[in-house]
Every structure is written in C-alpha cells, then in structure tokens.
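> Coordinates for the following, if possible.
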Amino acid sequence: MTPTTTTFLEDVDTALKAFTSDEALDQTVRAILSQHTTTENLTSLDSAVLPQGKVGNRPTPKTKVVPVTSTDAFVGDEVYKRPNGEKYHARKWGEHDDVQVLRKARELNQFILLYGAPGCGKTALVEAAFEDVISVLGTGDTELSDFIGSYIQTPSGGFIWEDGPLVKAAERGVPFFIDEVGLIDPKVMAGVYGLMDGRGELIITANPERGTVKAKEGFYVVAATNPNAPGVRLSEALLSRFVVQAEMTTDFLLAKKLGAPKEVVTVAQNLTRRQQSGECGWAPQMRELLAFRDIAKTFGTKFAIANLIATSPEMDRPVVADVLTRTYGEECRPAKI
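Take a look at the predicted model:
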C-alpha cells in the first residue's frame, strides 16, 4: 500500500467516524466525492470499508466511483410507512438509518445503486424513503419506450403520444426507481443517460413534437439489482452514474423481531452460508421469512415448511429440505396437491 493510499484511507476513516448528524453526513459525502481516487485507492477502500468484499460478478468501473459501506444488520427504532401501508424498519448504514441516507443523497443529487438478492428489502427501502417514487421493473425485454413513452391507439383508431414513467418523474421532480436495472440491455439504458448526468435533459427522437424533456428540481434516480441473477449486465457507463453503491442483505435480527420463528431464521442463516460457499444457489430472504410467519399462523408450521421448500428453486430443493429436516427434527418435503 502506497503512502497516497494510506492517507486516502485515513481521510475516509476519519470522515466515516464523523457521522453524527445530517450535516456531518452531508459534509462527509461531499468530502469523499471530492477525492481524486485511483484504482488502488478504490481496491483498498473496499477491503477497509467492506471487509466482506464486493458483491460477486460486479465489474470494477474505471470511473472514480467510491463504494459506500453496506447496510449492516441492525434492528432500528425508526419505523417508516411504505405507500401500500406496510411498515419499514430502518437499518443501520454507517451511523445513520438507511432511509435518511437515501433522502440526503437525493438532496445532493447523488444517485444510489443497491445490490442484493430478491426479497432482501431493496424495494421496501426505496418506497419507505420516497412516498412519491415512480418505478419501472427491468427485464431482458425492456425497451427504451418503457422509459420515455410511445404512441398508443385511441378508441377511434388514431394514435396519441403517452409519456413513459421516466419522463413523468423528470418533469414532476420526483424520484425514479429502476428495479432490476442489471437485466436491462445497456443499449437501452444508454438512451436515458441524458437525464442521469450533468445534462439533465433528454430529446425524445421518437416524437420530435414532444421536444426536449428537462429534469425538474427534485428528480432523482435510484436503482437496484441482483448481481448474481442470470443475464445481469452492469456496464461501466451505468455504474459511473451511481456514485453511491451498497450491498443489502437480509437482517436476521430484524426478522426475529418482526415475528419470524427462530427455527426458520436459523435455516435461512444456514442456507446463506451454504450459498456463499457454493453449495446451493438460494436462501430465504426477509420476504420469505415474513411470509413463513404469516402462513404458519394461518395454516400451521408444517404447511409453512412445505411451502418454503416449494418456493425455492427446483435445483436447490434437496438442500433446502435437508436443512429444514435437520432443524425441525422431522422429514420435510415440498408442498403438493
């Protein structure tokens, strides 16, 4: 490690320890973003701030993007409400709760990219932070028109232009959430970069009469992806637009606090370790643990166990069933009708 890298890490460490207020967070983010980072600095920073390492299959961008510490497991006292009425329990991110980090990053116009397995809480976090968020779910078939809009047919047989969710969010000045952004073709994403960089505007070539869309103050982009899903592509051009990046994992302590049986939480932790070692490709996340809780209350534990096995990927069911059998002390099989 060079003296330059050591000084850089010392500065970052000092900044992270200064997280004592919203003002401190503001100053820290600005300070870190102003660093002239190098590849060596970023590699060293990853090992210092993210001791468990980066998410698998995540490309290292050549641009100067500073990773931020992952959202560590933390049973917080702050509770927020999602648009659907469900409660979201904030988790620790540095010295702040994760919801406040997203809100402060929006004030600074620093876009955030969240990594994590399906069901770990990425969407819940975004919805808890921004009640007026407009969302789009990415797939391998997502097209540019799914972002900016297209012509639709009227009952009379004519056609009219209808703005897409990205255009609506930009002109309203509200947050825009791209879920599963890694599944979207990079060529499609390139078509919306005008609203995700310093230009803050986008020319809709598909409808010249629509003119140029300009982002209103308050417009903000946050995205999420499962880096280990088949077909994920995270280009350097995409990563460079998300200055704040973090991995989200399931908070097992919080799952217990919310009523998930301790036995199934133990199963989830066991499967998570096996997943990390390559023995299986799936482990229950917060969504599955809370579903298990509710199903067990209604139909009983055996029913919930059988359902949990059935919801796991077919290739992983033998391992899931074996861990459940060992934990509950009796043979467990997937649900069948």
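
> make it CA atoms for all contacts and neighbour counts henceforth
Noted.

> just for this structure, where's the confidence low?
When residues are selected by pLDDT under 70, those of the chain lie in 1-77.

> Run through the strands of it in chain order.
Along the chain, counting by DSSP state E, strands occupy 79-81, 87-89, 92-93, 96-97, 112-115, 134-137, 149-153, 159-163, 175-179, 201-203, 212-214, 220-225, 244-247.

> now those strands in a markdown table, with distance to residue 273?
Output for the strands of the chain, formatted as a markdown table (distance: least, Cα to Cα, whole Å):
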| stretch | distance to residue 273 |
| --- | --- |
| strand 79-81 | 29 |
| strand 87-89 | 24 |
| strand 92-93 | 22 |
| strand 96-97 | 26 |
| strand 112-115 | 18 |
| strand 134-137 | 29 |
| strand 149-153 | 43 |
| strand 159-163 | 45 |
| strand 175-179 | 26 |
| strand 201-203 | 45 |
| strand 212-214 | 47 |
| strand 220-225 | 21 |
| strand 244-247 | 16 |
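
> Would you mind giving these as JSON lines with distance to residue 259 and mean neighbour count added?
Formatted as JSON lines, the entries for the strands of the chain read as follows, by distance: least, Cα to Cα, whole Å; neighbours: other Cα atoms under 10 Å:
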{"stretch": "strand 79-81", "distance to residue 259": "16", "mean neighbour count": "16"}
{"stretch": "strand 87-89", "distance to residue 259": "13", "mean neighbour count": "17"}
{"stretch": "strand 92-93", "distance to residue 259": "20", "mean neighbour count": "19"}
{"stretch": "strand 96-97", "distance to residue 259": "21", "mean neighbour count": "18"}
{"stretch": "strand 112-115", "distance to residue 259": "25", "mean neighbour count": "24"}
{"stretch": "strand 134-137", "distance to residue 259": "29", "mean neighbour count": "18"}
{"stretch": "strand 149-153", "distance to residue 259": "43", "mean neighbour count": "15"}
{"stretch": "strand 159-163", "distance to residue 259": "43", "mean neighbour count": "14"}
{"stretch": "strand 175-179", "distance to residue 259": "28", "mean neighbour count": "23"}
{"stretch": "strand 201-203", "distance to residue 259": "46", "mean neighbour count": "19"}
{"stretch": "strand 212-214", "distance to residue 259": "46", "mean neighbour count": "17"}
{"stretch": "strand 220-225", "distance to residue 259": "27", "mean neighbour count": "25"}
{"stretch": "strand 244-247", "distance to residue 259": "24", "mean neighbour count": "22"}
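
> Nearest approach to residue 289 belongs to which of these?
Between residue 289 and the strands of the chain, the tightest spacing by Cα to Cα is seen for strand 87-89, at 14.8 Å.

> For that closest one, which helices and strands make contact with it?
With contacts defined as 3 or more Cα pairs under 8 Å, 6 or more residues apart in numbering; DSSP states H and E, the secondary structure elements packing on strand 87-89 are strand 79-81, helix 122-129.

> Please tell me how far the nearest residue to residue 137 once chain neighbours are set aside sits from residue 221.
Setting aside the residues directly before and after it, residue 137 is nearest to residue 179 in space (Cα to Cα, 6 or more residues apart in numbering), at 4.8 Å. Taking Cα to Cα, to the nearest Å as the measure, residue 179 and residue 221 are separated by 11 Å.

> need the helices and strands packed on strand 87-89 in CSV with distance to residue 164, can you?
Conversion of the helices and strands packed on strand 87-89 to CSV gives the following (distance: least, Cα to Cα, whole Å):
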stretch, distance to residue 164
strand 79-81, 26
helix 122-129, 20
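
> Just say which of these is most tucked in.
Compared across these, helix 122-129 shows the largest average neighbour count, a mean of 22 (mean count of other Cα atoms under 10 Å).

> what residues does it touch?
Applying Cα atoms under 8 Å, 6 or more residues apart in numbering, the contact partners of helix 122-129 are 80-83, 88, 90, 98-100, 102-103, 114-116, 133, 177, 179, 222, 224, 248.

> Stretch 201-212 now?
Contacts for stretch 201-212 (Cα under 8 Å, 6+ apart): 148, 150, 161, 192, 194, 195, 213, 214, 215.

> Just give me the neighbour total for the fourth one.
Counted with other Cα atoms under 10 Å, residues neighbouring residue 192 total 19.

> got it, and the fifth one?
As a burial measure, the neighbour count of residue 194 was computed by other Cα under 10 Å and equals 16.

> so it touches residue 214, yeah?
No - contact status for residue 194 versus residue 214: not in contact, 9.4 Å apart, counting by Cα atoms under 8 Å.

> Return the residues in contact with residue 322.
By Cα under 8 Å, 6+ apart, the contact list for residue 322 reads residue 332.

> could you redo the last one with a cut-off of 6 Å?
The contact partners of residue 322, by Cα atoms under 6 Å, 6 or more residues apart in numbering, come to none.
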